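How does the following fold in three dimensions:
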Amino acid sequence: MDTSIWRTANLALAFAMELVALGALGWWGARTGGPLPVKILLAIAIPAAAAVLWALFAAPTATYQVTALAVATKIVVFGAASLALWQLDHRLLAVAFPVIVIANLLVLHLDQPGVAAH
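You can find the predicted model right below:
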């Protein structure tokens, strides 16, 4: 298989997983809050906070290019999304989501130039 197609597909999957994480966090916020204004606030604020963290530390063009902060941000955002799915009673998705994310991140890491896959 052409490696550029493989890498592009995995980058697209990574982006989709990021969007799923934001969606799960927003859904959890909307279902967790009390009165409607609180639900709306949480549905917007929680994914917005995750997106800001991502832009600062985990995005390919992050403001702060520190590997430890990128890894920590990914663990926090993807972990919170998985916990949100669990609390929303989507147990299978809550377990499958981090498995897919980890597999995708591993493939992307091994596909980088200079990383030997043995």
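
buried ones in the longest helix seen in the chain?
Using DSSP state H, we find that the single longest helix of the chain is helix 3-32. Residues of helix 3-32 classed as buried: 10, 13-14, 17-18, 20-22, 24-30 (neighbour count, 16 or more other CB atoms under 10 Å). Glycine gets a C-beta too; all of them are placed from N, C-alpha and C.

can you check stretch 92-99 too?
When burial is assessed from 16+ other CB under 10 Å, stretch 92-99 yields the following buried residues: 93, 94, 97, 98.

any idea which of the buried residues of helix 3-32 is the one closest to residue 55?
Relative to residue 55, the closest of the buried residues of helix 3-32 is residue 18; by CB to CB it sits at 10.9 Å.

Contacts only, for the spatially most central residue of the chain.
Nearest to the geometric centre of the chain sits residue 18, at 3.7 Å (CA atoms, centre = their mean). Counting by CB atoms under 8 Å, 6 or more residues apart in numbering, residue 18 touches 54, 77.

okay, it: pLDDT?
Model confidence at residue 18, given as pLDDT, is 97.

do the same with residue 23
98.

Identify the residue nearest it in space, chain neighbours excluded?
residue 47 (7.5 Å; CB to CB, 6 or more residues apart in numbering).

which residues sit against the helix or strand containing residue 104?
Taking DSSP states H and E as the definition, residue 104 sits inside helix 91-110. The contact list for helix 91-110 (CB under 8 Å, 6+ apart) reads 7, 10-11, 13-14, 17, 20-21, 24, 74, 78-79, 81-83, 85-86, 115, 117.

try 6 Å
Contacts with helix 91-110, where a contact means CB atoms under 6 Å, 6 or more residues apart in numbering, come from 10, 13, 14, 17, 78, 82, 85, 86, 117.

Next: stretch 42-58.
Contacts for stretch 42-58 (CB under 6 Å, 6+ apart): 22, 25-26, 29-30, 33, 63-64, 69-70, 73-74, 77.

how about a cut-off of 7 Å?
With CB atoms under 7 Å, 6 or more residues apart in numbering as the contact definition, stretch 42-58 has outside contacts at 18, 21-22, 25-26, 29-30, 32-33, 62-64, 66, 69-70, 73-74, 77.

Nice, that's everything, thank you.
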